[in-house]
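In: sequence plus the predicted model coming up.
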Amino acid sequence: MSRQLESGSSTMVQMAEGQFALQLVSMSQALQDLLPKHLQIMGKWADRILGMYPDANPEVVKVAVWFHDIGYVDCEDYDRDDHAVYSEVRAIQFLRANDYSQNKLEQVAHCVRAHRCKDVQPETIEAKIIAVADSASHLTDYAYINLTQLGIKDYAMEKLERDYRDVGLLPEVKQELSPLYEAWKQLLPQFPDWKITDMEGA
Ligand SMILES: [Fe+2]
Ligand SMILES: [Fe+2]
């Protein structure tokens, strides 16, 4: 995969990108269509937020970007199985096998595990950047329209609320995204409740 996060690079960031590309081919077609773009947009947010927090470790953040959703490859049921748990396991296995320092490995693992702000909350600045960049990418992509077209508009609206809550981990970013959140909130209910299937599923 040729896309790389913008500012700076390191061997482990490139290796993490390679591992993501390797695992992506085993995922569903829908994820193969969605994830590369999601990670590219998330990477842009991560770079931008890193510029606001010079004390954060950019390598930890960028490695975590590539790993945070990789656990989808192990999920049989997306509702039942928490991809963050599997993502953490895969990240640890890969980083350990490649002799990454224990300290940075633990930091990446926390970023990955806490990115959903669900049962584990982000405690470090790097983990907050990952959670915010993930949610900000949803707010600046077509994620909610995609979910609406899958016939789950209520879920899309709930996700919008969760994403806006989670960008609040970094109040400057929340403030910046506030007009977009308000716009989505007005826009989504206006969409028809049509479930759009692809030709195969039609
Ligand atoms: Fe995720
Ligand atoms: Fe994500």
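Out: Thanks, I have it. Residues are numbered from 1 along each chain as shown. Ligands and ions are numbered 1, 2, ... in the order given.
In: going forward, measure contacts and count neighbours with C-alpha atoms only.
Out: OK.
In: and the helices in this protein?
Out: Here the chain has its helices, by DSSP state H, at 11-24, 29-52, 58-67, 83-97, 102-113, 125-139, 143-149, 153-167, 171-187.
In: how about these, which one is nearest Lys195?
Out: Closest to Lys195 of the helices of the chain is helix 143-149 (Cα to Cα; 5.2 Å).
In: how close does the spatially most central residue of the chain sit to Gln93?
Out: Relative to the mean C-alpha position of the chain, the nearest C-alpha, by Cα atoms, centre = their mean, is the one of Asp134, at 3.8 Å. Separation of Asp134 from Gln93 (Cα to Cα, to the nearest Å) stands at 23 Å.
In: where does this protein dip in pLDDT?
Out: 1-9, 199-202 (pLDDT under 70).
In: let's see 50
Out: For the chain, applying pLDDT under 50 flags the ranges 1-8, 201-202.
In: so Leu139 touches Asp163, yeah?
Out: Yes. Leu139 lies in contact with Asp163 (Cα atoms under 8 Å); the separation is 7.4 Å.
In: of these two, who's got more company?
Out: Asp163 (24 against 21; other Cα atoms under 10 Å).
In: quick one, what contacts the nearest residue to that one once chain neighbours are set aside?
Out: Once flanking residues are discounted, Asp163 sits nearest to Ser135: 4.8 Å by Cα to Cα, 6 or more residues apart in numbering. If you count contacts by Cα atoms under 8 Å, 6 or more residues apart in numbering, Ser135 has them with 163-164, 166-167.
In: how close does Ser135 get to Asn103?
Out: Distance, Ser135 to Asn103, using Cα to Cα: 26 Å.
In: CSV for the helices of the chain, including distance to Trp194?
Out: Converted to CSV, the helices of the chain look like this (distance: least, Cα to Cα, whole Å):
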stretch, distance to Trp194
helix 11-24, 29
helix 29-52, 18
helix 58-67, 33
helix 83-97, 28
helix 102-113, 34
helix 125-139, 21
helix 143-149, 6
helix 153-167, 9
helix 171-187, 15
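In: these: which one's closest to Glu76?
Out: Nearest to Glu76 among those is helix 83-97 (9.9 Å), distances taken as Cα to Cα.
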